[in-house]
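**Q** Provided below for reference: sequence and predicted model.
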Amino acid sequence: MSVDCVIFGFDTKNLNVLLVERTLYNGDENNPVFSDYTLTGNHIKQGENPDEAAVRILTDLIGKNDIYLEQFHTFGGIDRLTHTKDQQWIKSLGTDIAQQVFTVGYYSLIDCTSVHINDHNSRTVRWFPVNQLPELGYDHLAILKKALEQLQVKLRQEPIGFELLSGKFTLTDVQRLYEAILGTTLDTRNFRKKLAQMKFLVPLHEKQKEVRHKPAQLFTFSREIYEKTKKKMSIS
């Protein structure tokens with residue numbers, strides 16, 4: 001059993017996913033056998049449950065564990081590890097890995113402008129827009145697509161998107177976030193009407209600073225108010 005984490009981040013424009021570079025060398029670092037990217041993940045250690053393994057993986061990579069994390073699916077296809085590149089990579093690790101590995105998928109949400117990412121076992125870690133992905137190893141493209149589908153469903157029901165924003169934001173930031181996740185353009189007037197109904201969006205006595213346009217009102221998300229007034233919500 002293993003855990004794979006789909007780490008989503010938002011940079012005020014794009015919904016991004018954090019990927020780990022996987023490059024296999026055959027004695028000559030100038031001529032790699034192949035190079036691609038994977039999600040971050042690891043096997044579940046003895047004595048761990050999947051949730052604990054996911055927290056460990058995120059802490060090792062990001063240096064913090066107080067971020068939104070949700071289990072969304074389990075993947076157990078018998079061909080998950082059968083691709084030639086994956087077999088070459090597994091062989092290079094020199095460890096005994098079963099022919100069939102089930103993995104529990106988690107997605108997490110972070111403000112990617114406010115965290116420092118640690119290189120993963122000396123491998124490069126990079127943010128990629130979800131609509132501009134490099135080649136992915138294993139079945140990680142399928143895992144990523146499933147995570148995005150689940151995120152879109154949950155976003156229409158609960159205000160989890162605010163986990164991707166900084167503590168202070170404008171209504172335009174919120175609209176860009178929803179559009180980036182849902183992959184669509186929202187009518188600004190209708191969207192603002194729906195936001196106005198969300199009592200947990202609290203206006204601050206502050207406006208944007210150092211902007212070329214007219215400074216916009218800043219808001220913050222109040223989880224306390226949301227929990228008190230919790231109800232199903234719909235943006236679409």
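**A** Thanks, I have it.
**Q** List the contacts of the lengthiest helix in the chain.
**A** What stands out as the longest helix in the chain, according to DSSP state H, is helix 140-155. Contacts to helix 140-155, defined as CB atoms under 8 Å, 6 or more residues apart in numbering, come from residues 4, 6, 8, 17, 38-39, 70, 72-73, 75, 103, 105, 107, 109, 130, 133, 136, 160-161, 178, 181-183, 235. No exception for glycine: its C-beta is placed from N, CA and C like everyone else's.
**Q** Can I get that helix in PDB, CA atoms only?
**A** Coordinates of each C-alpha in helix 140-155 appear next as PDB, following Å, rounded to 0.1, in the frame of the first residue of the first chain:
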ATOM      1  CA  HIS A 140      -0.400   9.700 -11.900                       C
ATOM      2  CA  LEU A 141      -2.200  11.600 -14.700                       C
ATOM      3  CA  ALA A 142      -5.300   9.600 -14.000                       C
ATOM      4  CA  ILE A 143      -4.900  10.200 -10.200                       C
ATOM      5  CA  LEU A 144      -4.500  14.000 -10.900                       C
ATOM      6  CA  LYS A 145      -7.500  14.100 -13.100                       C
ATOM      7  CA  LYS A 146      -9.600  12.300 -10.500                       C
ATOM      8  CA  ALA A 147      -8.400  14.600  -7.800                       C
ATOM      9  CA  LEU A 148      -9.400  17.700  -9.900                       C
ATOM     10  CA  GLU A 149     -12.800  16.200 -10.500                       C
ATOM     11  CA  GLN A 150     -13.300  15.700  -6.800                       C
ATOM     12  CA  LEU A 151     -12.100  19.200  -6.000                       C
ATOM     13  CA  GLN A 152     -14.500  20.700  -8.500                       C
ATOM     14  CA  VAL A 153     -17.400  18.700  -6.900                       C
ATOM     15  CA  LYS A 154     -16.400  19.700  -3.300                       C
ATOM     16  CA  LEU A 155     -15.900  23.400  -4.300                       C
END
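**Q** what's around Leu136, how many residues?
**A** The local packing of Leu136 (other CB atoms under 10 Å) involves 19 other residues.
**Q** So among the contacts of helix 140-155, which ones count as buried?
**A** Buried members of the contacts of helix 140-155, scored by 16 or more other CB atoms under 10 Å, are 4, 6, 8, 17, 38-39, 70, 72, 75, 103, 105, 107, 109, 130, 136, 161, 178, 181-182, 235.
**Q** pretty sure Ile86 is touching Gly137, no?
**A** For the record, residue 86 is Asp, not Ile. Yes - contact criterion CB atoms under 8 Å: Asp86 and Gly137 qualify, at 5.9 Å.
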